[in-house]
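>>> Only the shape, not the letters, is given here:
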Ligand code: NAD
Ligand code: MG
């Protein structure tokens, strides 16, 4: 499909872009790519949570029209940092939603966690092309979110490296010819540890990912392998397959970013060096491609690619996400909220590493399943699950 048809813009016009969460790991990589392609993009709005200095610097560098800081108490600081420019400044949760509603062609959804849900949904509802990094909103709001995407004729281009890989090799015209999706996982920093040595691991050890440089929350999720569980639910919503068709395979080198197997036993894969700028560029330029500074794959240097099945005993998170998806309704919302609370407590050294999964499992057991009909239902159950998870975590406090 031609670019103009998809975006309803003339191909000689710059693509206008909004980056929700520009100060984070995915956000700064997105800004890096935009700065490396002068003339290709015009930036409408950038948003951050509290890092005023970085947000202001980015807004000036890319000549944004608007900069939004989610933390309202930082409004005056941002205003001061951008004084003397024409950049419009705003603050607060509603301003994030307003940012998403502005008519840019393309929106990067790279706010971390359920906080990204409302602004991402706003971009979806106006039928934008959305580069989706925020997997938590698909887990938390699942079918409801997908219904909104379909109703508004919006388009989600996955940014998560695995889903970008699948997107690139999935035959959407013949989904019935797909037999399996093979979602690869690095296994995280603790892949080779025994269960008893996992008890005392520190936040610093958990965020030191062997292959990828990412934000703190997703790095902890990678260490527990909850990240792969969330990605399993993300894949279920993004691609027309059932949950039994999605398999998880540990591949420590992170060279094959995921695979799709067809009925004739052909397996198609997307490969690359572990640099998020590759999947971000794919989404940013879609349906075209653009240059990236990512280092090129030299398989002769890597020589050996290895694979193993994930260990359910040391990494129960994958089982929990399969259970949540099978239960359906509010169960994935509860899982996501409880995990966000548990990871936050682990990062502030109030909960042990192994108790992250325990808190998630106990929270899921305590909150009975109900149906998700609206965004208000999602918020209500998210709030309730956070409260219950905090209570359960308090019993396990270090
Ligand atoms: P990060 O923590 O580095 O950045 C998060 C961004 O969200 C920042 O701009 C921060 O200011 C903003 N933010 C945080 N809390 C907020 C709030 N309450 N309200 C408004 N803004 C808020 O995270 P990241 O690693 O860039 O990850 C972003 C998302 O992308 C996550 O959902 C993650 O799962 C996903 N993702 C990240 C990577 C990666 O390589 N980092 C890879 C795949 C998917
Ligand atoms: Mg990923």
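On my side now, so go ahead. Bear in mind the structure is a predicted one, so any value in this text is a computation, not a measurement. Ligands and ions are numbered 1, 2, ... in the order given.
>>> Which residues are in contact with the closest residue to residue 370 other than its chain neighbours?
In space, and not counting its chain neighbours, residue 370 is closest to residue 330: 5.1 Å by C-beta to C-beta, 6 or more residues apart in numbering. C-beta: built from backbone N, CA, C; applies to glycine. By C-beta atoms under 8 Å, 6 or more residues apart in numbering, the residues touching residue 330 are 367, 369, 370, 371, 372, 377, 381.
>>> go with 7 Å
By C-beta atoms under 7 Å, 6 or more residues apart in numbering, residue 330 lies in contact with 369, 370, 372, 381.
>>> List phi and psi for the second one.
The phi and psi torsions at residue 370 (degrees, to the nearest 10) take the values phi -140, psi 180.
>>> Quick check: it vs residue 380, distance?
The gap separating residue 370 from residue 380 is 10 Å, by C-beta to C-beta, to the nearest Å.
>>> Tell me the helix or strand right after the helix or strand hosting residue 364.
Using DSSP states H and E, residue 364 falls within helix 353-366. Counting by DSSP H and E, the next helix or strand C-terminal to helix 353-366 is helix 375-395.
>>> pLDDT on that next one, on average?
Here helix 375-395 scores 96 as its mean pLDDT.
>>> Same check on stretch 225-237?
The predicted model gives stretch 225-237 an average pLDDT of 98.
>>> residue furthest from the geometric center of the protein?
In the chain, counting by C-alpha atoms, centre = their mean, residue 84 sits farthest out from the average C-alpha position, at 34.9 Å.
>>> Could you grab the helix/strand/coil label for that residue?
Per DSSP: H, G, I helix; E, B strand; the rest coil, the secondary structure class of residue 84 is coil.
>>> Now do it against ligand 2, distance only.
Per C-beta to the ion, to the nearest Å, residue 84 is found 40 Å from ligand 2.
>>> can you give me the strands for the protein?
15-20, 41-48, 66-69, 88-91, 106-109, 129-132, 155-158, 178-185, 246-250, 256-262, 267-271 (DSSP state E).
>>> what would the ones you listed look like in JSON lines with distance to residue 226, mean neighbour count and mean pLDDT?
Supplementary listing: the strands of the chain in JSON lines, determined by distance: least, C-beta to C-beta, whole Å; neighbours: other C-beta atoms under 10 Å; pLDDT from 0 to 100:
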{"stretch": "strand 15-20", "distance to residue 226": "23", "mean neighbour count": "26", "mean pLDDT": "98"}
{"stretch": "strand 41-48", "distance to residue 226": "25", "mean neighbour count": "25", "mean pLDDT": "98"}
{"stretch": "strand 66-69", "distance to residue 226": "29", "mean neighbour count": "27", "mean pLDDT": "98"}
{"stretch": "strand 88-91", "distance to residue 226": "32", "mean neighbour count": "19", "mean pLDDT": "98"}
{"stretch": "strand 106-109", "distance to residue 226": "20", "mean neighbour count": "28", "mean pLDDT": "98"}
{"stretch": "strand 129-132", "distance to residue 226": "18", "mean neighbour count": "26", "mean pLDDT": "98"}
{"stretch": "strand 155-158", "distance to residue 226": "18", "mean neighbour count": "22", "mean pLDDT": "98"}
{"stretch": "strand 178-185", "distance to residue 226": "11", "mean neighbour count": "21", "mean pLDDT": "98"}
{"stretch": "strand 246-250", "distance to residue 226": "12", "mean neighbour count": "19", "mean pLDDT": "98"}
{"stretch": "strand 256-262", "distance to residue 226": "18", "mean neighbour count": "22", "mean pLDDT": "98"}
{"stretch": "strand 267-271", "distance to residue 226": "23", "mean neighbour count": "16", "mean pLDDT": "98"}
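>>> Figure out which of the ones you listed is closest to residue 311.
Nearest to residue 311 among the strands of the chain is strand 246-250; the distance by C-beta to C-beta comes to 8.4 Å.
>>> Residues contacting that closest one, please?
Under C-beta under 7 Å, 6+ apart, the answer for strand 246-250 is 180-185, 187, 191, 228, 232, 235-236, 307-310, 318.
>>> again, 8 Å this time
With contact meaning C-beta under 8 Å, 6+ apart, strand 246-250 is reached by 180-187, 191, 228, 232, 235-236, 307-310, 318.
>>> Next: stretch 338-352.
Here stretch 338-352 makes contact (C-beta under 8 Å, 6+ apart) with 113-114, 136, 199-200, 202-203, 206, 216-217, 220-221, 226, 230, 317, 353, 355-356, 359-360, 363-364, 385-386, 388-390, 392-393, 396-398.
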